[in-house]
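Student: take this sequence and fold it.
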Amino acid sequence: MNYLSPLKTTALFLLLSCTASIFAESITYNVVKDDDLKYVIKPFGTKPAYSYAEFNNEFGNIIGNRYNQIPKDKKAELYLVGWEGCTIKSITFNMCSNAKSGGASFKVMAGTTSLFNMGATAFNSPQWYGSWVSHINYVYVDVTKTMTTNHVVQPDEDISIVITGTESSVYINSYTIEYEPSATPTESAMGYQYEKVAKNGTIVDGDDILIYYSGVAAGDIDTTQTYPYMDVYSVHNILDVYEPEFMYFKLRKNGTAWNFVNQYNDTLGATAAKKLAWNKGGMDWTIALTFDGAEIANTNTDYGTLRFNQPDASYARITNYTSATLPLPYIYKRIKQNQPIVATSLTLRSSLDVSLCQDTAILRATILPETTTDKRMTWKSSNEAIATVADGIVRPVAEGSVDIIVFNSDSSLTDTCRVSVSACPVVVTSIALDSTQLTLNPCGINSFTLVATVLPEDAAVKTVMWESSNEAVATVAAGTVTAVAAGTTTITATTTDGGFEATCAVTVEECGNALHQVVIAGVYTNQGKIRIEQNMPVDVTIYNVLGQLMISSNQVQNAEFAVQQGVYLVKIGNSVMKVAVK
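Tutor: Alright, predicted model coming up:
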């Protein structure tokens with residue numbers, strides 16, 4: 001019996017591992033907000049050649065950035081077509097939940113074969129992420145599921161990935177699918193650049209084209225209509241076309257005529273004027289390039305020419321008309337496929353302080369340019385005994401310092417944040433005031449400073465907020481209570497740490513209760529006026545009986561003050577005189 005040496009065994013293992021990794025492929029489908037369709041899926045990576053994907057979210061509300069929300073009893077479904085011969089190995093869901101709720105079930109099917117099935121499960125359970133990740137923070141986390149069935153997709157099988165909300169809501173940002181391809185070649189999933197074929201342009205057999213008019217391109221035929229037509233959809237960027245809603249036609253020469261074959265291998269035909277169809281009727285067309293567009297005419301002259309129309313109170317469309325009054329569409333020809341935009345910069349904040357009392361802290365990395373195709377990142381802690389990290393979410397474990405490191409998807413860029421973990425700060429347990437009852441008077445003792453005692457003495461944050469329940473009676477600032485008018489109010493001191501409260505009941509007396517009332521020589525009243533006649537200049541203040549200041553005047557010797565009928569307190573120096581004005 002022959003035995004492999006340890007060295008040979010190791011070499012064979014490495015060779016097999018490398019061979020397996022060579023054949024592994026991946027594609028990511030990002031769920032992107034779209035004002036017309038609510039959402040679209042924008043892919044990057046490598047996909048099986050000629051395959052395509054469709055996405056549908058039963059909820060998909062574009063208001064408030066909830067286009068990717070999956071509420072309870074709603075489904076988000078990603079369909080993959082053209083994957084025969086491939087084997088799905090794993091799917092990574094980039095997701096989040098609500099702050100304290102959210103759950104979902106999901107299943108992956110290839111035709112009728114189940115590749116993975118998980119029932120209703122809360123997002124904070126180990127089967128999903130293991131903790132809540134709030135959508136409010138705009139942080140998405142990766143949840144990778146390895147398929148439980150190793151299945152080669154058959155020619156008649158489409159793949160469906162269905163997430164069903166089961167508790168509150170979850171949110172789907174992207175799907176990354178790892179797979180073993182078939183013998184069929186793979187291709188980039190990036191978008192394509194198109195340009196208009198003008199009057200003097202050329203088209204040849206095999207050209208890939210869009211039928212385009214003024215920012216929209218032809219989509220599928222709406223066969224539910226009496227006169228079936230091609231729907232149109234917005235082209236967001238003619239230099240980055242990827243949307244699966246369009247019909248991507250390949251021109252095929254058929255003698256002197258042309259056939260339009262879409263990505264599903266269906267051929268565009270017409271069965272009558274204003275009646276389009278797939279794979280039936282007249283499927284031969286002539287193309288004449290003009291300044292006004294492309295005259296795409298059916299060889300059956302009774303069937304007309306493709307034109308754009310926007311009927312009142314109906315959907316825009318492209319279909320075959322015999323009338324020549326409607327505008328012609330243009331042919332836009334595929335020029336090249338875009339290449340991924342590579343990240344050139346990845347940065348983190350330089351430092352972060354956290355305490356052991358914090359469950360988590362969030363680090364956000366900035367990747368530039370903003371148009372970078374693959375913005376996925378991986379994270380690492382230099383010492384998980386101090387703090388761990390996943391998806392930028394830092395969890396403190398013990399006191400100390402640790403480096404949190406972020407890498408871009410291919411690890412060509414990296415940056416580091418120094419995280420310092422401290423002990424839990426001493427928290428506030430109580431607050432007390434030196435007075436719980438207080439009496440003030442606007443004309444006497446009109447202010448008092450309350451002293452708050454916050455315990456324990458070594459509490460980290462001893463800040464106090466002050467509030468008066470009735471500022472028309474008394475105000476408070478930094479503990480100093482100032483009388484305004486007769487009445488009662490409650491002064492409340494609240495700690496910012498813990499929200500502990502202490503109160504003081506304040507009574508503000510009427511002004512007359514506080515002063516010794518006398519008759520002041522030279523103070524008179526006469527028909528709506530208070531007259532002051534003094535031997536020298538004096539300071540005069542006049543209050544109503546509620547203690548509210550009505551008049552204040554300095555250096556008065558001879559003066560009259562107009563007032564309404566009523567009773568007033570006139571204060572000169574330390575003397576007060578009650579007067580009645582008729």
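Student: put the alpha carbons of stretch 162-182 into CSV.
Tutor: What follows is stretch 162-182 as a C-alpha-only set of coordinates in CSV (Å, rounded to 0.1, in the frame of the first residue of the first chain):
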residue,chain,number,x,y,z
VAL,A,162,-38.5,34.6,-0.9
ILE,A,163,-38.3,36.6,2.3
THR,A,164,-41.6,37.0,4.2
GLY,A,165,-42.0,39.4,7.0
THR,A,166,-43.4,37.8,10.1
GLU,A,167,-42.9,40.3,12.9
SER,A,168,-42.8,44.1,12.5
SER,A,169,-40.4,44.8,9.6
VAL,A,170,-37.0,43.8,8.2
TYR,A,171,-35.2,45.7,5.3
ILE,A,172,-33.3,44.1,2.5
ASN,A,173,-30.3,46.1,1.0
SER,A,174,-28.7,43.4,-1.2
TYR,A,175,-28.3,39.7,-2.0
THR,A,176,-24.9,38.2,-2.7
ILE,A,177,-25.0,34.7,-4.2
GLU,A,178,-22.0,32.4,-4.2
TYR,A,179,-22.3,29.6,-6.8
GLU,A,180,-20.5,27.0,-8.8
PRO,A,181,-21.1,27.8,-12.5
SER,A,182,-22.0,25.3,-15.2
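Student: next, the buried residues of that stretch.
Tutor: Neighbour-count burial for stretch 162-182 flags 162-179, 181-182 (criterion: 16 or more other CB atoms under 10 Å). Glycine gets a C-beta too; all of them are placed from N, C-alpha and C.
Student: thought Ser469 was touching Thr489?
Tutor: Yes. The pair Ser469 and Thr489 passes the contact test of CB atoms under 8 Å, sitting 5.2 Å apart.
Student: these two: which has the busier surroundings?
Tutor: Counted by other CB atoms under 10 Å, Ser469 and Thr489 do not tie: Thr489 has more neighbours, with 24 against 14.
Student: tell me which residues touch the more buried one, please.
Tutor: Ser468, Ser469, Asn470, Glu471, Val473, Ala474, Val506, Val508 (CB atoms under 8 Å, 6 or more residues apart in numbering).
Student: that one and Tyr543, how far apart?
Tutor: Distance, Thr489 to Tyr543, by CB to CB, to the nearest Å: 19 Å.
Student: and what of Thr344?
Tutor: The value you get for Thr344 to Tyr543, if CB to CB is used, is 73 Å.
Student: neighbour count winner among those two?
Tutor: Of the pair Thr344 and Tyr543, Tyr543 is the one with more neighbours under other CB under 10 Å, namely 23 against 12.
Student: who does that one bridge with?
Tutor: As for beta bridges, Tyr543 partners with Leu549, Leu569 under DSSP bridges.
Student: pLDDT value on Thr541, please?
Tutor: Here the pLDDT value assigned to Thr541 is 88.
Student: surely it meets Gln548?
Tutor: No. If you go by CB under 8 Å, Thr541 and Gln548 don't touch, sitting 11.2 Å apart.
Student: show me the contacts for Pro244.
Tutor: Counting by CB under 8 Å, 6+ apart, Pro244 makes contact with Val40, Ile41, Tyr52, Ala53, Glu54.
Student: just the buried ones from those residues?
Tutor: Buried subset of the contacts of Pro244 (neighbour count, 16+ other CB under 10 Å): Val40, Ile41, Tyr52, Ala53.
Student: surely the third one and Gln263 touch.
Tutor: Which is Tyr52. Yes. Between Tyr52 and Gln263 there is a contact under CB under 8 Å: 6.2 Å.
Student: between those two, what contacts are shared?
Tutor: Common contact partners of Tyr52 and Gln263 (CB under 8 Å, 6+ apart): none.
Student: now the contacts of Thr489: which count as buried?
Tutor: For the contacts of Thr489, a burial check counting by 16+ other CB under 10 Å picks out Ser468, Asn470, Val473, Ala474, Val506, Val508.
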